[in-house]
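> Please find the sequence and the predicted model below.
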Amino acid sequence: MKIADLITWFEAWANPAWCESWDNCGWQIEPGILQEKTRVLVCLTPTLAVMQEAIAENANLIFAHHPLIFNPLKSLRTGEAIAEMVRLAFTHNIGIYTAHTNFDQVQDGTADVLAQILELKEVTPIEVTQAGLGYGRVGLLEPFLTLQELLAIIQTRLSPPNLIFSPTADLQQTISRVAVLGGSGASYISAVAKTGAQAYLTSDCKFHQFQESRDRNLILIDAGHYATERPACDRLVQKFQSLNLDWVQLSQKDEDFRQFFA
C-alpha cells in the first residue's frame, strides 16, 4: 500500500475536518513521499528520539497522535527541536502525519479503547459531536466493582507511574458506571457528572478540579496523559497491520515526559 492510499483509508475513518479549530490534524511534514510503499512508525508524540528511531528502522512515515506543529511557527533555528525534526524529515524523506482530536472521537479511537480496556458495556460518548461520534465514553461495569478493585484494574492494565484519585472515605463503595477520556479531560467534569457516572478516568487534572469533582460527587481518577492515550496507538498499529502494509511498528522511543521520585 502506498502512503497516499493509507492516508485516504485513515481519513475515511477519522476525517481531519473533524478536528477542533485550535488543533492541527493531518500532514505536519510531507517531503514528497505519497507514492512510496508504506513503512510507518506509530507514536503518541513525535520527538527527536522517535525520529532517530524512524531513521534507524528505514521508516518513511511517522504517524502520531500529538501534533508536531501546534502553534504557528515564527522561526526555525538550528538547535531547536522542531527545526531539527523538519531538517531530518526532509533529509531522510520521512513524513509526519498527526491524528489528534479527530482520532479522539471515533470508534476505536483514544476514548473508545479506554472503554474497551475497562470492559465497559452500553457505551455512549460523554459529549456527542455527530452521529455515532463524540468525546469520551461512559458505560456500565459488568459485574460491578468496588472502587479499590477498579483502581487496581486501572493500575494493572494501564501501568501509570502515579495513579491519583479523589479523596474518598470508602474504597469498598460499589462502582457501576464509569466515564473515560484519554488525555486532558478535566474540562469535561461537568458533562461527566450529568451522565450519572460515579468515577471518571482521565488525566492532567489540577488541584481545584479534584475539588470540583468531589463537590459533584464524582470520583476523579488521573492516570496520566501517556498511560491513557498510548493504548490507542497500539490499537492503531493493529489496524494498520490488517492492511498488509510493507512495514508497521509501534514506537519504542515514545516517552512519558513526567517522572516521579520514589
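Good, I have the coordinates. Numbering: from 1, shown residues only.
> can you give me the helices in the stretch 1-150 of the chain?
Secondary structure of the stretch 1-150 of the chain by DSSP state H, counting those that start in this stretch: the helices cover 3-13, 48-56, 81-92, 101-105, 110-117, 147-158.
> how far is the second one from where the chain is centred?
Which is helix 48-56. 20 Å (C-alpha atoms, centre = their mean, to the nearest Å).
> Just want the angle from that helix to helix 81-92.
Angle between the axes of helix 48-56 and helix 81-92 is 10 degrees (criterion: axes from the mean of the first three to the mean of the last three C-alpha atoms, to 10 degrees).
> returning to that earlier point: could I get the helices of the stretch 1-150 of the chain in JSON lines, plus columns for mean pLDDT, distance to Ile189 and mean neighbour count?
C-beta coordinates here come from the backbone N, C-alpha and C atoms, glycine included. Formatted as JSON lines, these follow (pLDDT from 0 to 100; distance: least, C-beta to C-beta, whole Å; neighbours: other C-beta atoms under 10 Å):
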{"stretch": "helix 3-13", "mean pLDDT": "98", "distance to Ile189": "29", "mean neighbour count": "16"}
{"stretch": "helix 48-56", "mean pLDDT": "98", "distance to Ile189": "32", "mean neighbour count": "18"}
{"stretch": "helix 81-92", "mean pLDDT": "97", "distance to Ile189": "32", "mean neighbour count": "16"}
{"stretch": "helix 101-105", "mean pLDDT": "98", "distance to Ile189": "17", "mean neighbour count": "25"}
{"stretch": "helix 110-117", "mean pLDDT": "98", "distance to Ile189": "15", "mean neighbour count": "24"}
{"stretch": "helix 147-158", "mean pLDDT": "98", "distance to Ile189": "18", "mean neighbour count": "17"}
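> That concludes my questions; thank you for your assistance.
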